[in-house]
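Enquirer: output the structure for:
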Amino acid sequence: MHTGHKNKLIVIAGPTAAGKTNLAIQLANRLQTQIVSFDSRQLYREMKIGTAVPSVVELSQVKHHFIQSHSIHENMNAGIYEVMALEKINTLFKEHSHLIFTGGTGLYMDAVLYGVDDLPIADNDIRKQLSDEFFQSGLDSLTAKLKIIDAESYQTIDLKNPRRVMRALEIFYTTGKPFSALKLNIPKERNFDYQLFIVNKDREQLYEHINLRVDKMIEQGLMQEVKQLLPYRNLKALQTVGYKEFFDYFDNKTSYETTLEKIKQNTRNYAKRQLTWFRKYKDAVWVNADDLNRILQHLEKN
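Expert: Got it, this is the predicted structure:
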């Protein structure tokens, strides 16, 4: 992975409320560089409070990219982000040998480090047929088909995950080629190296921080922010913890107290899923939010 004197992307990943923002800013200051965010929600300028974007003070200390840069009405996904973020990163590398890359959206991080599979978009009719079959005949019916048309995928993918099974079938019916032939999982070439640090706290501390952060969002006016976004509640960007729960509240489905509890619970669950995602990287160095010197030492050695 580390060959020659390539530019280096210093990745500060981890679950929500682990202390990434502060650490990334300290690091950027020490290395006199800039920060590129891979948070798929802090991108949106209409979603300021509920996504815990860095404060005005924090943003003034270091130049940030992809924070409040887009509107919820713009089309965005990992593939689009990959193209835009790489363009920005390559431009910034002309002035800096190191960049800080931070966030909690594993999918967006992977897009930049390894690339998104350029898999074909399935035909809606095919997708609907498969979905209908799943709901009527169950998963076994779909896995039986997969075994016949794409034995290799049948051996390698998670057969208990309906979305994976349907995706493999969709690709076969859309392209006539098996999923296994298309998805080679070869990382795309990148002209930079990266070093991955994952920030975490012990579980109780993390959950306490999440709860405090939700309280702070409420004080800052999260409820009012969500109220203004009610007309756009069906947009993909707004299917987000902190927003969904308040939509239910405005529909009179839950009480105010229950809404706050649900936001805290759902944020804790989200952090758990983030940790599950980040545990799969064998080359990651796990750190605490106050490990700045340890990180700098590690970077000097590598």
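
Enquirer: how far away is L169 from D132?
Expert: For L169, the distance to D132 (Cβ to Cβ, to the nearest Å) stands at 13 Å. All C-beta atoms are positioned from the backbone trio N, CA, C, and that covers glycine.

Enquirer: who's more crowded, these two?
Expert: L169 (26 against 10; other Cβ atoms under 10 Å).

Enquirer: what's the helix or strand for the more buried one?
Expert: Element membership for L169 (DSSP states H and E) is helix 162-175.

Enquirer: what are the buried residues along the helix or strand following that helix?
Expert: Sequence-wise, the next helix or strand downstream of helix 162-175 (DSSP H and E) is helix 179-182. Residues F179, S180, L182 are the ones in helix 179-182 that count as buried (16 or more other Cβ atoms under 10 Å).

Enquirer: for stretch 175-194, same thing?
Expert: P178, F179, S180, L182, K183, R190, F192, D193, Y194.

Enquirer: can you tell me which residue is spatially central in the protein?
Expert: When Cα atoms, centre = their mean is applied to the chain, the residue found nearest the centroid is T105 (1.4 Å).

Enquirer: gap between the spatially closest residue to that residue that is not a sequence neighbour and R30?
Expert: Using Cβ to Cβ, 6 or more residues apart in numbering and skipping residues adjacent in sequence, the residue nearest T105 is S40, 4.1 Å away. With distances taken as Cβ to Cβ, S40 is found 27 Å from R30.

Enquirer: so the two - more neighbours on which side?
Expert: Between S40 and R30, counting by other Cβ under 10 Å, S40 is the more crowded of the two (23 against 14).

Enquirer: look up which helix or strand that one falls in, please.
Expert: Under DSSP H and E, no helix or strand contains S40.

Enquirer: pretty sure it sits against L107.
Expert: Yes - under the criterion of Cβ atoms under 8 Å, S40 makes contact with L107 at 7.3 Å.

Enquirer: give me the common contacts of the two.
Expert: A78 (Cβ atoms under 8 Å, 6 or more residues apart in numbering).

Enquirer: thinking again about what came up before, which helices and strands does the helix holding L169 pack with?
Expert: Under the contact criterion of 3 or more Cβ pairs under 8 Å, 6 or more residues apart in numbering; DSSP states H and E, helix 162-175 touches helix 124-137, helix 139-149, helix 179-182.

Enquirer: in TSV: these, plus distance to N77.
Expert: Conversion of these to TSV gives the following (distance: least, Cβ to Cβ, whole Å):
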stretch	distance to N77
helix 124-137	16
helix 139-149	25
helix 179-182	19
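
Enquirer: is it possible to export those to JSON lines including mean pLDDT and distance to V56?
Expert: As requested, the helices and strands packed on helix 162-175 are exported to JSON lines (pLDDT from 0 to 100; distance: least, Cβ to Cβ, whole Å):
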{"stretch": "helix 124-137", "mean pLDDT": "85", "distance to V56": "43"}
{"stretch": "helix 139-149", "mean pLDDT": "93", "distance to V56": "49"}
{"stretch": "helix 179-182", "mean pLDDT": "74", "distance to V56": "46"}
